[in-house]
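Peer 1: could you look at this predicted model? Sequence included:
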Amino acid sequence: MRVSVKRNSVVLVVGLVLALSPGANAQPFSEGDEVSPRIRRLERWLDATAAHRPGALDDGVRLIGSWNQEELWTVWADVLAIVSLLREPDVSIFYVSEPARPGQVTRQISPVATNRSRQVLYAVGELRRLRAIAKQLSAGASPGPENGILKRGAMLHADVEMLVGRRAGQGSPDRRGPAGATLFFDDGQQLGLTNTVSHWNMGRRLLESVRPAESKTPFKTRPDPGADPTVRQWYLAGCAFMLRTRFIEIDQFSRALELFPNDPDVLFIVASVHEYFAGVRTQSVMRSMKGPRDVNFDIREEGAELRLAEQLYKRALDRNSRFIEARIRLGRVLGLRGRHEEAVAQLRQGQKADEPLLQFYTHLFLGGEFEALGNGAEARQSYERAAALVPTAQSPLLGLSRVADQAGDKAAAREAVTRLLQIPFHDEERADPWWSYEIVQARGVDGLLNDLRQRIVALPK
Amino acid sequence: MTMKLVAVSAAVLLGSVVAQSAQQPTFSAKRESVRVDALVTDRGKVVTGLGAGDFEVRDNGVLQTVDLVSFQQIPLNVFLAFDVSASVSGERLKHLQTAGHTVLDRLATEDRTALLTFSHAVLLREGLTGATARVREALTDVQPLGDTALVDGAYATLMLDPQDGGRNLLLVFSDGLDTASWLTPERVLDSAKRSDFVVYGVSSRGPEDSKFLEDLTELTGGATLKIESTKDLSAAFLKILDEFRQRYLISYSPAGVAPGGWHRLEVRVKGRRVTVKSRAGYQAGA
């Protein structure tokens, strides 16, 4: 037997995967011609997910990272078939339903056209093989083995993204499958727009079928990923990773919000991506983007993104009023929206932050807001506090200079700039938290990933 | 070379200038004067040989008496503010360094220069000096890195204090979108009203991306040159330096106008249909 989640078969699984590496000429997974390439691919996927150590660049990650959009789509459909068989062993008709994409417009032509479900067909031999695999997976395992398969699979696909990276050329414009248009840009300039395979997308597809034991939905076969804490952790860690690397899949954030609409951590990180999208880096490239008309990244203009960010930060604070970082960011967003008095009110509460980094942002933003309100004395005081917290930061010194210049005190304005120009020259010796503000909310990504990995490792086999 | 002149406007300098001799001007700080840096052209060609009596200056609509006009007589303080973010790497950096060296080669012995670079960090590579070799060396040592803080870099340069009566040219190059500045363009433009720099910009980006630079150069009486490629940088820098040298420095003591606030300026040449480029106004009382 090639596929198993039993502990004693893991070594075999790893060995089989290794046998697929270049130079191998045996076909150890095959039981002869009766196993179709499609089912063989599913078995390899199951082997790889079972053998995968979260966070490790192993052979399974490399193998599955090399698969194209069509191969991944087929594996996804076949995994769902296995999940169906594990939940309802007698089922014989299988459907998959393409996940809706935010912003995607479905033109209603007929009732059939609006139904995105499609039947997945198998040859008799394939179906027999699928049933055997499902039987093997369920034998002696804890209840609900399919959830473990789905979560481990999502972890593996996340690791493909995080450890191998995304390659152009594996995707196609075909809307079917885990792929999409990826816009590469730097310094506000578009570098390329290409279809790429998304393993994050694959992970999301798999997790859509998770139904945790604690689910309260009435039908026991109905998926309920929003009730699963590991799914939540997968989304949070993925969102944080995307922000930290600035390689952002909007669907990850949109779906996280749909699944966990009352979770303050999710609300916060989704708010922060809208704040990010309101920034010049994204707005500039969106305005000048060149590409097919049907490519829509669902990024709104600056004002709309800020409005969304404000709403989501407020929702996060409604659910956790002591979420200081959300309050600081809300203050900044309000300031950007021209509501300086409200911004000051929020930022003043940010002064309670324990973390020096958050204190720095609080004082820096307060400086800017007081400046906007024409309160030079308070602005100066706030900037001085920020400068005292991080003496190598240039942003508060620029603020101090500007406040002095506005007041007509050219000597003080120049003195602040002189302080700035005396900051150590080499980049490693200087730091300004302002430079990393856009992504600093993802600074806990390593902790989030470690927690996720531990959860995956702890899943019953 | 493909180059487009985008902003054509004006330059005003607020300073303390008093004429002691029309032939060999010297400057002191005895009383407040307004210095207006103006380029006069006739169908694209620079008009030379004009004197104080040829100019008509209106300050907030009030005709002023021009005390002094100088032309190519006052040493230059050339402040170079260069974008050295990650996008300025490889050939682009070489082009920038070559163009900077070209400017240094063209400076007169009494001229001075300074080099400030900005990526996300604003760095003064060399303060105002007559020793161009030091500036040349500093420019050669530059390593591109990080994001672009054009607004912060421009502001920091405007705050450098030349401490003399020379003519201050700020030459800014940027090829990137500003993604890292703390200061907003509006606030820096406000400060620019109080500075005595004429700012010229060279940009290799689209109109949206260089809007701040265009606004800044227009406000201070300079211009923004757009280039298709950094190969054109040397020619652009030289065009700017040559143009700046051919500007008139007009001085007058404001009369009949309120002492503070924003002063709108109009500079004309009497009896001639020529184009005068000077700054739109100045902020008094600062």
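Peer 2: Looks like it came in fine. No experiment lies behind these values; they were computed from the predicted model shown.

Peer 1: C-alpha from now on. contacts and neighbour counts both.
Peer 2: Noted.

Peer 1: where does chain B dip in pLDDT?
Peer 2: Low-confidence regions of chain B, defined here as pLDDT under 70, cover residues B:1-31, B:163, B:205-209, B:285-286.

Peer 1: which residues of it lie near chain A?
Peer 2: Within reach of chain A by Cα under 8 Å from any Cα of the partner chain, chain B has these residues: B:87, B:120-124, B:147-148, B:152, B:156, B:159-161, B:176-183, B:187-188, B:191, B:209, B:285-286.

Peer 1: check whether stretch A:410-422 contacts chain B.
Peer 2: Yes. Stretch A:410-422 lies in contact with chain B when judged by Cα under 8 Å from any Cα; the contacting residues are A:Lys410, A:Ala413, A:Arg414, A:Val417, A:Leu421.

Peer 1: now A:Ile93: how far from chain B?
Peer 2: When Cα to the nearest Cα, to the nearest Å is the yardstick, A:Ile93 and chain B sit 53 Å from each other.

Peer 1: what sits against that residue?
Peer 2: The contact partners of A:Ile93, taken as Cα atoms under 8 Å, 6 or more residues apart in numbering or on different chains, are A:Gln119, A:Val120, A:Leu121.

Peer 1: what do you get for B:Leu93?
Peer 2: Contacts for B:Leu93 were tallied using Cα under 8 Å, 6+ apart; they are B:Val84, B:Pro144.

Peer 1: one more: the one 5 residues further on?
Peer 2: Residues in contact with B:Thr98 (Cα under 8 Å, 6+ apart) are B:Ser234.

Peer 1: count of residues packed around the closest residue to B:Arg167 other than its chain neighbours?
Peer 2: Using Cα to Cα, 6 or more residues apart in numbering or on different chains and skipping residues adjacent in sequence, the residue nearest B:Arg167 is B:Leu76, 4.9 Å away. In terms of burial, B:Leu76 registers 22 neighbours under the definition other Cα atoms under 10 Å in any protein chain shown.

Peer 1: isn't B:Leu116 right up against B:Leu128?
Peer 2: No. Counting by Cα atoms under 8 Å, B:Leu116 does not reach B:Leu128; the two are 9.9 Å apart.

Peer 1: those two - which one has more neighbours?
Peer 2: Here B:Leu116 and B:Leu128 are set side by side on neighbour count (other Cα under 10 Å), and the busier one is B:Leu116, at 26 against 23.

Peer 1: which SS class is B:Asp190?
Peer 2: Per DSSP: H, G, I helix; E, B strand; the rest coil, the secondary structure class of B:Asp190 is helix.

Peer 1: same question but for B:Leu80, I mixed them up
Peer 2: Counting by three-state DSSP, the backbone at B:Leu80 sits in strand.

Peer 1: report the contact partners of it.
Peer 2: Taking Cα under 8 Å, 6+ apart, one finds B:Thr113, B:Ala114, B:Leu115, B:Leu116, B:Thr117, B:Leu170, B:Leu171, B:Val172 in contact with B:Leu80.

Peer 1: restricted to strands, list those residues.
Peer 2: Within the contacts of B:Leu80, residues falling in strands by DSSP state E are B:Thr113, B:Ala114, B:Leu115, B:Leu116, B:Thr117, B:Leu170, B:Leu171, B:Val172.

Peer 1: which one among these gets closest to B:Val198?
Peer 2: Minimum distance to B:Val198 across those is 6.1 Å, recorded for B:Leu170 (Cα to Cα).

Peer 1: next, count neighbours for that closest one.
Peer 2: 25.

Peer 1: where does confidence bottom out across the contacts of A:Ile93?
Peer 2: Within these, A:Gln119 has the lowest pLDDT, namely 84.

Peer 1: from A:Glu208, how far out is that residue?
Peer 2: 18 Å (Cα to Cα, to the nearest Å).

Peer 1: between the two, who's got more neighbours?
Peer 2: Shown here are A:Gln119 and A:Glu208; by other Cα under 10 Å, A:Glu208 has more neighbours (18 against 11).

Peer 1: buried residues in the helix ranked longest in chain B?
Peer 2: In chain B, with assignment by DSSP state H, the single longest helix is helix B:91-106. The neighbour-count check on helix B:91-106 (16 or more other Cα atoms under 10 Å in any protein chain shown) flags B:Arg92, B:Leu93, B:His95, B:Leu96, B:Gln97, B:Thr98, B:Ala99, B:Gly100, B:His101, B:Thr102, B:Val103, B:Leu104 as buried.

Peer 1: could you give the angle of that helix to strand B:112-118?
Peer 2: Orientation check (axes from the mean of the first three to the mean of the last three Cα atoms, to 10 degrees): helix B:91-106 against strand B:112-118 gives 160 degrees.

Peer 1: please name the residues that touch B:Thr148.
Peer 2: Residues in contact with B:Thr148 (Cα under 8 Å, 6+ apart) are A:187, B:83-85, B:118-120, B:176-181.

Peer 1: helices - which of those residues land there?
Peer 2: Among the contacts of B:Thr148, no member falls in helices (DSSP H).

Peer 1: ok, those residues vs B:Leu233, which is closest?
Peer 2: B:Asp83 (12.7 Å).

Peer 1: next, count neighbours for that closest one.
Peer 2: For B:Asp83, the count of nearby residues is 29 (other Cα under 10 Å).

Peer 1: distance check, A:Leu63 against chain B.
Peer 2: 34 Å.

Peer 1: so where do the helices sit in the stretch 1-150 of chain B?
Peer 2: In chain order, the stretch 1-150 of chain B shows helices spanning B:91-106, B:132-140, B:150-158, with DSSP state H, counting those that start in this stretch as the criterion.

Peer 1: does anything pack onto the helix or strand hosting A:Trp45? Which helices or strands?
Peer 2: Per DSSP states H and E: A:Trp45 is located in helix A:37-51. Under the contact criterion of 3 or more Cα pairs under 8 Å, 6 or more residues apart in numbering or on different chains; DSSP states H and E, the helices and strands touching helix A:37-51 comprise helix A:10-19, helix A:59-65, helix A:69-87, helix A:124-138, helix A:145-159.

Peer 1: alpha carbons only: can I get the longest one in PDB?
Peer 2: Read that as helix A:69-87. Backbone C-alpha positions of helix A:69-87 (Å, rounded to 0.1, in the frame of the first residue of the first chain) are rendered in PDB as follows:
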ATOM      1  CA  GLN A  69      -2.400  24.500 -12.100                       C
ATOM      2  CA  GLU A  70      -4.200  21.600 -13.700                       C
ATOM      3  CA  GLU A  71      -2.400  19.000 -11.600                       C
ATOM      4  CA  LEU A  72      -3.300  20.900  -8.400                       C
ATOM      5  CA  TRP A  73      -6.900  21.400  -9.400                       C
ATOM      6  CA  THR A  74      -7.200  17.600 -10.000                       C
ATOM      7  CA  VAL A  75      -5.500  16.800  -6.700                       C
ATOM      8  CA  TRP A  76      -7.800  19.200  -4.900                       C
ATOM      9  CA  ALA A  77     -10.900  17.500  -6.500                       C
ATOM     10  CA  ASP A  78      -9.600  14.100  -5.600                       C
ATOM     11  CA  VAL A  79      -8.800  15.100  -2.000                       C
ATOM     12  CA  LEU A  80     -12.400  16.300  -1.700                       C
ATOM     13  CA  ALA A  81     -13.600  13.000  -3.000                       C
ATOM     14  CA  ILE A  82     -11.600  11.200  -0.300                       C
ATOM     15  CA  VAL A  83     -13.000  13.600   2.300                       C
ATOM     16  CA  SER A  84     -16.500  12.800   1.000                       C
ATOM     17  CA  LEU A  85     -15.800   9.100   1.200                       C
ATOM     18  CA  LEU A  86     -14.500   9.400   4.700                       C
ATOM     19  CA  ARG A  87     -17.600  11.300   5.800                       C
END
